[in-house]
Every structure is written in C-alpha cells, then in structure tokens.
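Build me a model:
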Amino acid sequence: MHMADALLSPTVGISFWMGTIAVISYCANKLKNEFNDKIIPLMGVMGAFIFAGQMINFTIPATGSSGHIGGGFLLAIILGPWAAFITIASVLFIQALFFADGGLLALGCNIWNMGIYPCFVAYPVIYKLLAGDSSNNKKIMISSILGVILGLELGAFSVVLETVFSGITELPFLTFTGMMLPIHLLIAVVEGIVTGTIVIYVKNIQPDLFYADNKSDRTFLNIKTVLVSISVLALITGGILSWFASTHPDGLEWSMGKTSGREELPPKETVFHDNLSKLQEKTAFLPDYGFKKPETAEPEKAEPEKEAWPAVSGGTSVSGIIGGIFTLGITVLIGFVIKFFRKKETKV
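Numbering: from 1, shown residues only. Here you go, the predicted structure:
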C-alpha cells in the first residue's frame, strides 16, 4: 500500500508530511518520559523484521492480486503504540529513500496510512479491549485478525480520500473504494493470522516483554532470546524468503488497474514532483529491491518478459539484508537520541 507521488498533489502530500512529523514528535516526547531503555534494541530488530516482511507479497487466491504485511499492528502489540509508530516510520523512510518503494512526497501519507490507524486506533480499540494482557492464544489470534482488519481498512480508505483530495480523476471515489476495501480485507485476514502467530510465539518465550500501561514496570530481565530469534528471522526473510514473493500486483496496484485500467499512473509534470523524483533517483541505490540496471539505448520490447518465480536474485537478497541493517541502525539511533535528551533534562 505504498503510494507513489503520482497519486498526490503537493498540497495533500505536504499536509500529511506535517501531520506525520507532528505525531512523530509527540511519540518521541512520550517515549522520552516513559520508555525503558532496553526497548531500543527491540525496536531495531522488529523494524528490520518488518522491513524484510514487507518484501514478501503473498498471493490472494482467485483475485490476481497480492499483499504484504503492514506490520504496524504487530509493532504496537510488542512495543507499544509510541515506539511502534516511530519504528514503522523508520521502515517506510528507509524504503522510500534507498529502495524507491513509495514516493518521497507520498512518504507522509504512507506513514500515516500504515502507522496511525494500526497504532492509535486498532491497537487500543481492538487489541487492548479484547486481549489486553491475556495469554489466551485464542483471544490473541482473534484480536490480531480483527485489529489488522480495522487498521488496514482505515488505511486503504485513507488512500482513497487522499487521491480524491488530490484531484486524481482517474480514480473515481466509489469505484476505487469498491476495489480497495474488499481486496485489503482479504490481505488483512492473512496479515492478522501472521501477526497473531508471531505474538503467540514471542509471548511464549518472553511473557514479561509485552507492552503494559506502566512501562517502567517492565523488567526485561533477559530478552536475548527474542532479539536473536527475530534477528535470524529477519535475515532469513529478507535474504532468502523474499525470492518467493508473489509476482501479482499488490492490493493498491490491483485496485488502480481495475479502476483506471493502469496499475501505475504517469508522473505529474510539476516542478515539485520532478525535483523529488530526481532526488529519489540519486538516493535509491537499490531501486525496487534490486541492483540498478545499466541504461541502454535499445528500444523497449513490445511485451514485457514474464517474471520468474521464485525470483532468485542476489540484488533481492542484498536489498533485504542491507535494508534490515539500515532500519535497525536508524531505529536504534532514534532510540539513543531520545535517551540522550531524557538524561539531559534529568540533569537540569
């Protein structure tokens, strides 16, 4: 559900950038006052895992579409909503800047759509009420599925509204909504099962890890098992399992294709869009999670070659590993910056 810049006007894009920055600032302030320092490495490895997990699109049977996990709801359950929002923002920032997954103008919208709803709506409304601190596997699984459905459906509807507010006439409101919500409902069911499975696994090996209202009470006696487990899972997912990603268009592309006849809209010819596109071309050294292809003067073929599956590729593996490391690095860096300012205020 990574939006491209072509789906947004500068006004809408900048507005969501400002809204997202405000929420990140608020989350950082909450963490500065409340969080346990030992959560920092966990934010890093969870961010690396979500980065890798988003590389694996799974096929939605009988639709010709695919989807991938968003991860915001899983992060909220394990880290709490404040740390989760900063972590998912870090994942999307790395994806947009270095892998050209989602536009730079659209980054504010993408963080909003995949962060706000799962972290600050679905998590408190669904998971906290239905599962709370329960260790009942059935409650965890049902709450995870319902929570992901709510978060992803709100995010998908938000995409529709953002395109409408941007004046994208190729995607009329009713038709686009009628495509976006049903396909993302199916995607959400799969992500909900994945989320519930991971939460149950982590809860079994580290029951005292989970977010509680009083964060200072969390002991974190030993989270090495969780850190190592998730790190290995992220490495395998990004380095190997990413080869098995579905070749079908994702839910957003599929919906655009069904609505407008095109899975991608042509880039807008404005100075704003042009400059951001040029910037992304320079920063994205592994575009589309692969090595850059040399420029060629040969004319494009009339029919594109069918993509191989599994797509065994060194570029994909390198992208999964490098992206995970970058995400871990920036998330841990943010955590230590928050810790630094907290210590500074304490001394004053």
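
Count the residues that sit near Gly323.
Other residues within reach of Gly323, judged by other CB atoms under 10 Å, total 27. Backbone N, C-alpha and C define where each C-beta goes, glycine included.

Would you confirm that it contacts Phe49?
No - Gly323 is beyond contact range of Phe49, at 11.1 Å (criterion: CB atoms under 8 Å).

And the strands in this protein, which stretches?
Using DSSP state E, the strands found in the chain span residues 58-60, 65-67.

Any regions of the chain where pLDDT drops low?
35, 211-222, 296-306, 347-348 (pLDDT under 70).

Stretch 247-267: which residues count as buried?
248-260, 265 (16 or more other CB atoms under 10 Å).

Sorry, wrong one. I was asking about stretch 270-287.
His273, Leu276, Ser277, Gln280, Ala284, Leu286, Pro287.

And the contacts of that stretch?
The contact list for stretch 270-287, computed with CB atoms under 8 Å, 6 or more residues apart in numbering, reads 5-6, 10, 96-100, 103-105, 267, 292, 315, 318-319, 322-323.

coming back round to it: now, the buried residues of stretch 270-287 that are in helices?
His273, Leu276, Ser277, Gln280 (DSSP state H).

quick one: the helices in the stretch 201-348 of the chain?
With helices called from DSSP state H, counting those that start in this stretch, the stretch 201-348 of the chain shows them at 224-239, 251-260, 271-283, 314-347.

now these in TSV, with distance to Tyr123?
Shown next, in TSV, are the helices of the stretch 201-348 of the chain (distance: least, CB to CB, whole Å):
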stretch	distance to Tyr123
helix 224-239	19
helix 251-260	21
helix 271-283	31
helix 314-347	19
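
Indicate which one of those is closest to Leu171.
helix 251-260 (5.4 Å; CB to CB).

With only the CA atoms kept, save that closest one in CSV.
Taking Å, rounded to 0.1, in the frame of the first residue of the first chain, the C-alpha atoms of helix 251-260 are listed here in CSV:
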residue,chain,number,x,y,z
GLY,A,251,-3.7,-4.5,-3.5
LEU,A,252,-3.2,-0.8,-4.4
GLU,A,253,-1.9,-1.6,-7.9
TRP,A,254,-4.6,-4.1,-8.4
SER,A,255,-7.3,-1.7,-7.4
MET,A,256,-5.8,1.0,-9.6
GLY,A,257,-5.7,-1.4,-12.5
LYS,A,258,-9.4,-2.4,-12.0
THR,A,259,-10.4,1.2,-11.6
SER,A,260,-8.4,3.1,-14.2
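
Many thanks, I have nothing further to ask.
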